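In: coordinates for the following, if possible.
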Amino acid sequence: MADPVPAVLAPAVAVAPPAPYTPDFDSPYYLSTSDHGGVVIVTKPLTGVGDFPSWLRAFRMALEGRNKIGFVDGSLPMPAEDDPTHRFWVRNNAIVGGWIMNSVAEHIAQSLLYVDTARDMWLFLSKSYQQSSAPRKYRVKQKLRDLRQASMDVASYFTAIFAVWKEFKSIRANHSCTCGRCTCLLSKRWNDEDESDFVIDFLFGLNDEYEGVRSHILAMDPPPDLQTAYNLVLQQEQQRLIRPVKPSDAVVFQTSSPSLPEAISAVSSSTFKGKQRPLCTHCGLYGHTIQKCYRLHGFPPGYRAPKSGITASPRPSARSQTKPSNNFANVATDTGCVADVDKLSLNQIHDLCSKINNRLKSSNATITENGAPASDPDTGTFSGIDDWEG
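Out: Numbering: from 1, shown residues only. Have a look, this model is predicted:
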């Protein structure tokens with residue numbers, strides 16, 4: 001009997017170990033080079049109850065952009081320890097927890113230091129700082145009603161009130177169809193109603209100079225949408241900026257007027273109307289003319305200054321506005337003495353004496369021993385009353 005042929009054993013094939021799990025870009029476990037625990041992902045940290053709604057909104061947007069929202073809303077629970085994604089979950093959970101602590105005030109971060117997961121941190125902040133619906137709605141509605149344009153331009157005012165309106169809309173219940181078979185566009189109608197209410201709030205806070213465009217928008221039927229109302233107000237602001245300003249009634253405009261010498265000459269004319277007082281063009285005082293000016297012709301004998309001691313301030317005369325001629329000089333002072341004669345030349349003195357003689361001859365006046373013209377019937381007897389004082 002032949003020996004049996006031994007069976008040929010097939011060589012053993014080595015089984016390769018499973019490839020390690022590597023998260024791809026769309027995986028919530030994926031971390032870029034900028035995703036580390038020291039990153040601050042919101043600009044304004046959480047400080048208390050007042051700013052929690054805005055902080056919550058900003059932080060959720062930052063997490064959704066990094067595909068990490070599942071670590072705080074509970075949609076991505078921790079996997080089992082033997083799961084290949086367990087270590088990636090632990091790493092991402094620690095990084096998201098660090099982001100939360102970096103985005104709150106220091107006194108709040110101290111209370112989160114020993115909280116295990118990012119989910120528990122999120123729930124702790126929500127319970128501690130999120131207000132109930134009614135008080136929060138009242139606070140936001142009050143802020144919306146109290147907001148006024150004041151010194152802001154239209155664009156800045158619209159931006160400020162739009163942010164408050166969006167916050168109010170986020171806490172307001174949104175009515176929508178739940179059966180899925182509604183064809184009446186309930187959601188659109190509800191949004192249009194919200195927008196109409198906001199247009200009223202926007203117009204209510206405008207300054208009084210926009211009363212015209214405000215009345216125009218309120219009178220429109222159907223009411224305009226938010227963008228149309230904003231554009232109308234913005235156009236009104238631009239027109240006010242380029243429109244020339246009308247001169248105010250209180251503005252005083254300069255007009256051409258005669259010079260001072262011309263005005264004095266007109267007043268000192270020989271013809272006066274009514275009770276108009278004459279003005280002397282020599283001394284600038286009211287009550288007499290240059291033909292009867294004591295300062296020019298000399299003071300009469302026995303003249304006494306007024307007992308009141310009040311001397312009228314002479315107004316600028318035409319003689320002070322022009323340069324004196326070399327042929328004339330002031331020959332009389334308050335005391336009746338001749339002044340500045342030493343400065344005159346001999347020819348000037350003769351010329352001056354000739355003019356005085358001619359003047360006296362033409363008026364039939366005589367010179368007293370004091371050098372002053374004697375009184376004539378036109379002037380009357382001197383009574384001691386300073387009739388030429390202004």
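In: which SS state does residue 170 fall under?
Out: Each residue gets one of three states, and residue 170 gets helix by DSSP: H, G, I helix; E, B strand; the rest coil.
In: give me the distance between residue 139 and residue 53.
Out: Relative to residue 53, residue 139 is positioned 10 Å away (criterion: Cβ to Cβ, to the nearest Å). Glycine gets a C-beta too; all of them are placed from N, C-alpha and C.
In: so the residue lying closest to residue 78 once chain neighbours are set aside is in which element?
Out: Counting by Cβ to Cβ, 6 or more residues apart in numbering, residue 89 is the residue found nearest to residue 78 once chain neighbours are left out, at 5.6 Å. Element membership for residue 89, per DSSP states H and E: helix 86-102.
In: measure residue 304 to residue 292 for me?
Out: Counting by Cβ to Cβ, the separation of residue 304 from residue 292 is 18 Å.
In: of the two, which one has the most company?
Out: For the pair residue 304 and residue 292, the greater number of neighbours falls to residue 292 (16 against 9), based on other Cβ atoms under 10 Å.
In: can you show me the helices along this structure?
Out: Taking DSSP state H, the helices of the chain run over residues 52-65, 70-73, 86-102, 106-112, 118-129, 133-146, 154-171, 186-204, 211-218, 226-242, 260-267, 294-297, 318-321, 346-363.
In: other SSEs contacting the longest one?
Out: Under the contact criterion of 3 or more Cβ pairs under 8 Å, 6 or more residues apart in numbering; DSSP states H and E, helix 186-204 touches helix 133-146, helix 154-171, helix 211-218, helix 226-242.
In: again, 6 Å this time
Out: helix 226-242 (3 or more Cβ pairs under 6 Å, 6 or more residues apart in numbering; DSSP states H and E).
In: what residues sit buried inside the helix it packs on?
Out: By 16 or more other Cβ atoms under 10 Å, the buried positions in helix 226-242 come out as 226, 229, 230, 232, 233, 236, 237.
In: wait, which of these is closest to residue 49?
Out: Sorting the buried residues of helix 226-242 by how near they are to residue 49, with Cβ to Cβ, puts residue 226 at the top with 29.8 Å.
In: so who does the closest one touch?
Out: 195, 199 (Cβ atoms under 6 Å, 6 or more residues apart in numbering).
In: the same query, at a cut-off of 8 Å, please.
Out: Shown here is residue 226, whose contacts under the criterion Cβ atoms under 8 Å, 6 or more residues apart in numbering are 195, 198, 199, 202.
In: leaving out sequence neighbours, find the closest residue to the last one.
Out: Think residue 202. residue 161 (5.9 Å).
In: quick one: the one you found and residue 144 touch, right?
Out: Yes - the pair residue 161 and residue 144 qualifies as a contact (Cβ atoms under 8 Å) at a distance of 7.0 Å.
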